[in-house]
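A.B. asks: Need a 3D model of the following:
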Amino acid sequence: MTGSIAAYKAAELVGLLVRMPCEVHVIMTRSAQQFITPLTFQCLSRNPVLLSSFSETSEWKPAHIELADRADLLLIAPASANILAELAHGMASHPLTEIALACRAPLLIAPAMNGKMWSHPATQHNTAILKERGAEFIGPDSGMLACGYEGAGRLCDPQVIAARVSERLGNRGIVPESA
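C.D. replies: Numbering: from 1, shown residues only. From the prediction side, this is the model:
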């Protein structure tokens, strides 16, 4: 997950995915950690949260390669404008972008940002590049944004994202009702 006020919705999403059941491994950017703590996601996912490229693993592989190899799906939610730019341009400056470059599983992106940022030509160009490479986008939704503006940029409802994850994984899990 990336830095966004929508991080609180990511906590609900992780809970839904775990109850499907999915094995969930959370990777947080530094910006994401400004909105919500890694401990929240460690408790919800029942797995360590990857914060650094130098995190130790039980495997001989670096954590970002181990997780990339094990993934059935890479979901980035919420996805900031910054992460879209980094992904579109092949940057690998932190664990999330490193995993994205090494991962061969499908990529599902749920953007969340200010509407002006979402509609900016650079963000739309980066989105088009990622779609051309096979990434699937879910959202963003429209409505009142945390910044006080109204428009496109809201993270999709966690139930909707979880349902799409279930579909992408071949309906292996049933999306539980929110707690």
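
A.B. asks: Please give the element, helix or strand, for the most centrally placed residue in the chain.
C.D. replies: Nearest to the mean C-alpha position of the chain, counting by CA atoms, centre = their mean, stands Ile76 at 1.6 Å. For Ile76, the element it lies in under DSSP states H and E is strand 74-79.

A.B. asks: picking that back up, can you pull up the bridge partners for the residue nearest to the centre of the chain?
C.D. replies: Ile76 has these beta-bridge partners by DSSP bridges: Ile109.

A.B. asks: and it, what does it touch?
C.D. replies: Met1, Thr2, Ile83, Leu96, Ala100, Leu107, Leu108, Ile109, Ala110 (CB atoms under 8 Å, 6 or more residues apart in numbering). From N, CA and C alone the C-beta is placed, and that goes for glycine too.

A.B. asks: Generate JSON lines for those, with pLDDT, neighbour count and distance to Gln33 as supplementary columns.
C.D. replies: Converted to JSON lines, the contacts of Ile76 look like this (pLDDT from 0 to 100; neighbours: other CB atoms under 10 Å; distance: CB to CB, whole Å):
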{"residue": "Met1", "pLDDT": "92", "neighbour count": "31", "distance to Gln33": "9"}
{"residue": "Thr2", "pLDDT": "92", "neighbour count": "28", "distance to Gln33": "10"}
{"residue": "Ile83", "pLDDT": "97", "neighbour count": "27", "distance to Gln33": "14"}
{"residue": "Leu96", "pLDDT": "94", "neighbour count": "24", "distance to Gln33": "12"}
{"residue": "Ala100", "pLDDT": "95", "neighbour count": "23", "distance to Gln33": "18"}
{"residue": "Leu107", "pLDDT": "96", "neighbour count": "19", "distance to Gln33": "22"}
{"residue": "Leu108", "pLDDT": "97", "neighbour count": "20", "distance to Gln33": "22"}
{"residue": "Ile109", "pLDDT": "98", "neighbour count": "22", "distance to Gln33": "20"}
{"residue": "Ala110", "pLDDT": "98", "neighbour count": "28", "distance to Gln33": "19"}
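
A.B. asks: From those, pick the one nearest Pro140.
C.D. replies: Among those, Ala110 lies closest to Pro140 (CB to CB), at 7.6 Å.

A.B. asks: thought the closest one was touching Glu136?
C.D. replies: No - using CB atoms under 8 Å, Ala110 is not in contact with Glu136; the gap is 9.8 Å.

A.B. asks: and Pro21, helix, strand or coil?
C.D. replies: Under DSSP: H, G, I helix; E, B strand; the rest coil, the three-state class of Pro21 is coil.

A.B. asks: Kindly apply the preceding question to Ser142 instead.
C.D. replies: strand.
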